[in-house]
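>>> Fold the stuff below for me.
(4 chains)
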There are 2 protein chains.
Amino acid sequence: MADLVYQQVITDLNKRIMANEFADKKLPDERSLSEQYQVSRSSIKRALNVLANQGLIFKKRGSGTFINPLYLKNQSSFKYEGTNLGITDSLNTEGAQPSIQLLDFQVIPASQELQQDLFLASDEFVYEIKRLRLLDNQPFMIETGYIPIKLVPELNREIVSKSIFTYVQESLKSAVTKSFLSISADVSTAEDQKLLALKPTEPVGVMSGIFFLDEGTPFEVSNMRLHYKYMKYTTFVSTEQ
Amino acid sequence: MADLVYQQVITDLNKRIMANEFADKKLPDERSLSEQYQVSRSSIKRALNVLANQGLIFKKRGSGTFINPLYLKNQSSFKYEGTNLGITDSLNTEGAQPSIQLLDFQVIPASQELQQDLFLASDEFVYEIKRLRLLDNQPFMIETGYIPIKLVPELNREIVSKSIFTYVQESLKSAVTKSFLSISADVSTAEDQKLLALKPTEPVGVMSGIFFLDEGTPFEVSNMRLHYKYMKYTTFVSTEQ
DNA sequence: GAGTGGTCTAGACCACATA
DNA sequence: ATGTGGTCTAGACCACTCG
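Residues are numbered from 1 along each chain as shown, chains lettered A, B, ... in the order given. A predicted model of the protein is given here:
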């Protein structure tokens, strides 16, 4: 997992930053780091770029590389880094016990939209998996997912009652590492209100997206309706190229 | 803006992809591209990495580089790329005419939270800027922003009634290129309902965040409450490093 | 002018895919 | 075996900051 040079540097710098080794909020310059770690300056740059994209540090040409003070202050906002894309992981589940209740599980022909999104032919089938997710026995999300049967022909109720991504990673040896996500809000339906214990005036957060395997195959289309108090999607955006 | 080698390659490849020059959805291999563009393979890799992070292409080791079919199908989802972080830009404003109505504009002492987020001392002041944003005269967002006065001492009602980020870019010669964003949903308040023409049962989307200047200075804290039909935040997530 | 990050190159070698 | 992307290096030169 971490036999790559630049990843080792990332891991180590992360540790050093967390240990508050750089009390002045300034990292050594790249040439010194290259010397310290006995690796090329290019590898140092690569590591620093990753950390900068995560929002942990920022670089000023001509001045040096600095630790983002907000990162230390507000570490929980940055939780997203380093986790996988599994839903449970992308939420603030701190300490709470997640569980899953299977609401529905069947195989249906792929609708036209699903054919497009999952790159299927018109006669192909998908699993429809509807699950209620809970934290400490409090329901917080209704999730409806669609997965082409040809990708995982052996799914069953047992598997589907746990983390599908974990199963996929083990059986297909390909992780889910990419997704398109679209985030919005909506008035709650009667079903939402019942399942998520919402009052009629209370809304749901909606996250829908397509999840991809490592090598680019679209794996799942997912529609998630969340209790509005539980939806908090935090992200660091940088428009630099 | 585009005198850098790798950016020129990005621009050109973008054009060629959009022109459907690669009908087989496969790009030439990196060594050929290096030859074609007369630049090093490293520069080609850098360009391809940017495009891959944007979700436009994906690479398979041992096989080649491919165009993401979903990108072409669903270009509007990907609009976020290449724009700046201005709110109006990050929303789907396609064709509609954006405008701004200034609701409130004053200077206040920074609260403790603002002091933390904007990295201020306890006696510093911020502008409080409350604006209603409209599209084709339809209100869709209430935005409350806080900006340290020391960063832009000369703000006035005139400036603030337009795009602040554009003004900053011109006067400070530093663009706003990074942000932390937190996205959630909420029940609408009486004020929301009045300003955004919402029914009592209809919710608002909430986006709050901190915007940074190029060089890392936190520039603005912003709280945005959106008509739920207008909030659609789309993003491409990749957990690879 | 000295220090620091940014860009770019040319080339070596590795890991994976496909036939 | 060949082709493809991934990692890594060593070094040149540029652009910006600051004293």
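>>> From here on, just use CA atoms for contacts and neighbour counts.
Will do.
>>> Could you list the contact residues of chain A toward DNA strand C?
Residues of chain A found near DNA strand C (Cα under 7 Å from any atom of the strand) are A:27-31, A:42, A:45, A:59-65.
>>> For the helix or strand hosting A:Ile108, which residues meet the burial criterion?
Using DSSP states H and E, A:Ile108 maps to strand A:98-109. Of the residues in strand A:98-109, those buried by neighbour count under the rule 16 or more other Cα atoms under 10 Å in any protein chain shown are A:99-102, A:105.
>>> which one among the residues you listed gets closest to A:Glu124?
Top of the list for closeness to A:Glu124, among these and by Cα to Cα, is A:Phe105 at 16.9 Å.
>>> Not counting sequence-adjacent ones, nearest residue to that closest one?
A:Ile129 (4.7 Å; Cα to Cα, 6 or more residues apart in numbering or on different chains).
>>> give me the number of residues near the one you found?
Other residues lying near A:Ile129 total 20 when counted by other Cα atoms under 10 Å in any protein chain shown.
>>> Tell me which residues touch A:Ser43, please.
If you count contacts by Cα atoms under 8 Å, 6 or more residues apart in numbering or on different chains, A:Ser43 has them with A:5-6, A:34.
>>> got TSV for these, with pLDDT too?
Supplementary listing: the contacts of A:Ser43 in TSV, determined by pLDDT from 0 to 100:
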residue	pLDDT
A:Val5	94
A:Tyr6	95
A:Ser34	96
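>>> restrict these to those near DNA strand D?
Restricting those to those adjacent to DNA strand D (criterion: Cα under 7 Å from any atom of the strand) gives A:5-6.
>>> wait, which of the contacts of A:Ser43 is closest to DNA strand C?
Each of the contacts of A:Ser43 was checked against DNA strand C using Cα to the nearest atom of the strand; the closest is A:Ser34, at 9.8 Å.
>>> Let me know whether that closest one touches A:Arg46 as I believe.
No: with contact defined as Cα atoms under 8 Å, A:Ser34 and A:Arg46 do not form a contacting pair (11.4 Å).
>>> Mutual contacts of these two, please.
Contact with both A:Ser34 and A:Arg46 is made by no residue, according to Cα under 8 Å, 6+ apart.
>>> Quick check on the residues of chain A next to DNA strand C: which are buried?
Judged by neighbour count, with 16+ other Cα under 10 Å as the criterion, the buried members of those are A:27, A:30, A:45, A:59, A:65.
>>> mind listing what the nearest residue to A:Thr65 once chain neighbours are set aside touches?
Setting aside the residues directly before and after it, A:Thr65 is nearest to A:Lys59 in space (Cα to Cα, 6+ apart), at 4.3 Å. With contacts taken as Cα under 8 Å, 6+ apart, A:Lys59 has the following neighbours: A:52, A:65-66, B:215-216.
>>> Check the gap between A:Lys59 and DNA strand D for me.
As defined by Cα to the nearest atom of the strand, to the nearest Å, A:Lys59 lies at a distance of 10 Å from DNA strand D.
>>> quick one on the thing from earlier: which of the buried ones among the residues of chain A next to DNA strand C sits closest to B:Lys232?
The shortest separation between B:Lys232 and any of those is 31.4 Å, and it belongs to A:Lys59 (by Cα to Cα).
>>> Dump the C-alpha coordinates for whichever strand or helix holds the closest one into PDB.
Assigning secondary structure by DSSP H and E places A:Lys59 in strand A:57-60. What follows is strand A:57-60 as a C-alpha-only set of coordinates in PDB (Å, rounded to 0.1, in the frame of the first residue of the first chain):
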ATOM      1  CA  ILE A  57      -0.800  22.800   3.300                       C
ATOM      2  CA  PHE A  58      -0.400  25.600   0.800                       C
ATOM      3  CA  LYS A  59       2.600  26.800  -1.100                       C
ATOM      4  CA  LYS A  60       3.700  30.300  -1.800                       C
END
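>>> neighbouring strands for that strand, and are they parallel or not?
Paired neighbours of strand A:57-60 in the sheet (DSSP bridges): strand A:64-67 (antiparallel).
>>> tell me the mean pLDDT for the partner strand?
Regarding strand A:64-67, the rounded mean pLDDT is 93.
>>> Also stretch A:10-22?
Mean pLDDT, taken over the full extent of stretch A:10-22, equals 92.
>>> can that stretch be found next to chain B?
No: Stretch A:10-22 stays clear of chain B (Cα under 8 Å from any Cα of the partner chain), getting no nearer than 9.9 Å.
>>> Just the buried positions in that stretch, please.
By neighbour count, and taking 16+ other Cα under 10 Å as the criterion, the buried residues in stretch A:10-22 are A:10, A:13, A:17.
>>> can you give me the strands for chain A?
Using DSSP state E, the strands of chain A run over A:26-27, A:57-60, A:64-67, A:98-109, A:125-135, A:138-148, A:176-187, A:203-213, A:218-227, A:233-238.
>>> and these, which is most packed in?
Among the strands of chain A, judged by mean count of other Cα atoms under 10 Å in any protein chain shown, the one packed with the most neighbours on average is strand A:203-213 (a mean of 24).
>>> That strand and DNA strand D in contact?
No: looking at strand A:203-213 against DNA strand D by Cα under 7 Å from any atom of the strand, there are no contacts, and the closest approach is 14.4 Å.
>>> So is that strand next to chain B?
Yes: contact of strand A:203-213 with chain B (Cα under 8 Å from any Cα) involves A:203-205.
>>> What is the distance between stretch A:98-106 and the centre of its chain?
Taking the mean of its C-alpha atoms, stretch A:98-106 sits 20 Å from the chain's own mean (Cα atoms, centre = their mean, to the nearest Å).
>>> that older thread, I'd like a version of the residues of strand A:203-213 next to chain B in CSV, one that adds distance to A:Pro148 and pLDDT as further columns.
Written out in CSV, the entries for these read as follows (distance: Cα to Cα, whole Å; pLDDT from 0 to 100):
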residue, distance to A:Pro148, pLDDT
A:Pro203, 31, 95
A:Val204, 27, 95
A:Gly205, 26, 95
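>>> Out of the residues you listed, which is nearest to B:Thr189?
For the residues of strand A:203-213 next to chain B, the minimum distance to B:Thr189 (Cα to Cα) is 12.6 Å, reached by A:Pro203.
>>> That closest one bridge partners, please.
With beta bridges defined as DSSP bridges, A:Pro203 has these partners: A:Val187.
>>> need the helix or strand of chain A with the lowest average pLDDT.
Of all regular secondary-structure elements in chain A, judged by mean pLDDT, DSSP states H and E, the least confident is helix A:87-90 with a mean of 46.
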